[in-house]
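J.: predicted model follows, preceded by the sequence.
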Amino acid sequence: MSKIRRINPEGLADPSHYGYAQVTVVPPDTTLVYVAGQLGEDIHGHFSAEFAAQVKQAFHNLHTALSAAGATPDQVVKITVLSVDHTTEKQQIISAERNAMWPGEHKPASTLIPVPRLAVEEALFEVDAIASIPNS
């Protein structure tokens, strides 16, 4: 079975300290799992007013969704992050949570999109993912 390759090519900045890779390559003998955008709401639909708490909860929700599909964080190949009224401080919070979820070499490719608001008014953060799991 082939492994997912994560590449930070020469000629591009190394974003590892932000918690992602520039390129991920998915092997052909895998199934792709698409996880919808996860917000920072708890199981009861409640949102913290704190950005950091929402980011932590959204990544927890992402982990739960991945597990339901039989995937693990190290199998995630791409995430997209939406950050309401994005700032440098918010970037540091997001990077810390990405590095907590992907502490080693298995960082996904990532796109961060600053937005004025999300679909749910209380939501301050959203993350979706694509994972690659081995075919059984």
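T.: Sure, I can see it.

J.: quickly list what the spatially most central residue of the chain is bridged to.
T.: For the chain, the residue nearest the mean C-alpha position is residue 79 (4.3 Å; CA atoms, centre = their mean). Residue 79 has these beta-bridge partners by DSSP bridges: residue 110, residue 129.

J.: could you measure from it over to residue 49?
T.: Distance of residue 79 to residue 49, computed by CB to CB, to the nearest Å: 24 Å. Just so you know, the C-beta spots here come from the backbone N, C-alpha and C atoms, and that holds for glycine as well.

J.: before we move on, back to that, roughly how far does the residue nearest to the centre of the chain sit from residue 110?
T.: When residue 79 is compared with residue 110 (using CB to CB), they lie 5 Å apart.

J.: what of residue 45?
T.: Distance from residue 45 to residue 110, by CB to CB: 27 Å.

J.: quick one, which of those two is more surrounded?
T.: Set residue 45 next to residue 110 and count neighbours by other CB atoms under 10 Å: residue 110 wins out with 23 against 9.

J.: per-residue confidence at that one?
T.: Note on residue 110: pLDDT of 97.

J.: re earlier: what is in contact with residue 79 and residue 110 at once?
T.: The contact sets of residue 79 and residue 110 overlap at 20, 98 (CB atoms under 8 Å, 6 or more residues apart in numbering).

J.: buried residues, stretch 90-98. List them.
T.: 90, 93-95, 97-98 (16 or more other CB atoms under 10 Å).
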